[in-house]
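Visitor: For reference, the sequence and a predicted model appear below.
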Amino acid sequence: MFLGTYTPRLDDKNRLVLPARFREPFADGLVMTKGQERCLCVWPAEGFKAATRTLSDAPLTSKSARDYLRVLFAGAHDEVPDKQGRITVPQPLRTYAGLVKDCAVIGAGTRVEIWSATAWEGYLAAQEDTFSALSEEVPPGLL
């Protein structure tokens, strides 16, 4: 499970160093693609296969499912991190997420999300009050 928030920077070659505690699950490869709210989602290769297996069960007659899968797969990039745990963020994905230098890498359970640091700070600030207020709406037994 991926947990926590980290603040690496893109280097001059557009590489990002994965937090040390995230490296082992990605050692055999990863898939990076567009996520919601203009972040990037990164799954271990096997995790991406499992997630997309479920998505592939959606009926091809569903326009929203076709649209989602097209964007998800067309923007996907696979690679294996180097020995220092660095991954290259391709230009189209950097543009989509607004990544320039400072990033926020967050654990999101089964995946990791990469945000521009500014976008993450704004998103988190906007969600803090909502998060606090949801205590009565959380599914029973979850907390």
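Guide: Sure thing, it's come through.

Visitor: Check the chain and tell me which residue is nearest its centre.
Guide: By CA atoms, centre = their mean, the chain has its centre lying nearest to Cys41, at 1.9 Å.

Visitor: Distance check, that one against Val71.
Guide: Here Cys41 is placed at a distance of 12 Å from Val71 (CB to CB, to the nearest Å). All C-beta spots, glycine's among them, are computed from the backbone N, C-alpha and C.

Visitor: Need the overlap of contacts for these two.
Guide: Applying CB atoms under 8 Å, 6 or more residues apart in numbering, one finds that Cys41 and Val71 are jointly contacted by Lys34.

Visitor: list the helices and strands the helix or strand where the residue nearest to the centre of the chain lies packs on?
Guide: In this structure, Cys41 sits in strand 40-44 according to DSSP states H and E. Using 3 or more CB pairs under 8 Å, 6 or more residues apart in numbering; DSSP states H and E, the elements in contact with strand 40-44 are helix 20-26, strand 30-34, helix 91-97, strand 111-116.

Visitor: what does the third one contact?
Guide: Which is helix 91-97. Outside helix 91-97, the residues that reach it (CB under 8 Å, 6+ apart) are 10, 14, 32-34, 38-40, 75, 77, 99-100, 114-116, 119.

Visitor: Pull up the pairing partners for the helix or strand that comes right after that helix, direction included.
Guide: Next along the chain after helix 91-97, taking DSSP H and E as the criterion, comes strand 103-108. Sheet partners assigned to strand 103-108 using DSSP bridges are listed as strand 5-6 (antiparallel), strand 111-116 (antiparallel).

Visitor: List the buried residues in strand 103-108.
Guide: Cys103, Ala104, Val105, Ile106, Gly107 (16 or more other CB atoms under 10 Å).

Visitor: by how many degrees do it and strand 40-44 diverge?
Guide: Comparing the axes of strand 103-108 and strand 40-44 via axes from the mean of the first three to the mean of the last three CA atoms, to 10 degrees yields an angle of 50 degrees.
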